[in-house]
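# this is a predicted model, with the sequence first.
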Amino acid sequence: MKCPYCDREMVVGSISQDRYALKWIPADKDKGLLNFTPLVKGIKLTSMMDEVTVKVFYCEQCRKFLIDQDDLRLHD
């Protein structure tokens, strides 16, 4: 995949879970530790129930990560 910022080839990799699931939260909804409750809406990047890795592209030049939401294969 080409970087949308500098047009160089990006390196493909993954983000995987360790102890906690990862969830993206909009800055105006960020509740700190309460983000892990179902009350705070966001986009799940990993699941605590399954072994999940998320495909991620990284640009070494721009130091940017890209995640395609269609690559998130999570179970609710």
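Ah, there it is. Numbering: from 1, shown residues only.

# tell me how many other residues crowd residue 55.
Residue crowding around residue 55 was assessed by other C-beta atoms under 10 Å; the count is 15. For the C-beta atoms, the positions are set from N, CA and C on the backbone; glycine is no exception.

# regarding residue 13, what is its secondary structure?
Applying DSSP: H, G, I helix; E, B strand; the rest coil to residue 13 yields a three-state assignment of strand.

# excluding chain neighbours, what is closest to it?
residue 56 (5.4 Å; C-beta to C-beta, 6 or more residues apart in numbering).

# does residue 8 touch residue 59 like I think?
Yes - with contacts counted by C-beta atoms under 8 Å, residue 8 reaches residue 59, the gap being 6.4 Å.

# out of these two, which sits in the busier spot?
Under the criterion of other C-beta under 10 Å, the comparison of residue 8 against residue 59 puts residue 59 first, with 20 against 12.

# now the residue found closest to that one once you drop the neighbours it is linked to in the chain: how far from residue 12?
Closest residue in space to residue 59, ignoring its immediate chain neighbours: residue 3 at 4.0 Å, by C-beta to C-beta, 6+ apart. Computed as C-beta to C-beta, to the nearest Å, the residue 3 to residue 12 distance reads 12 Å.
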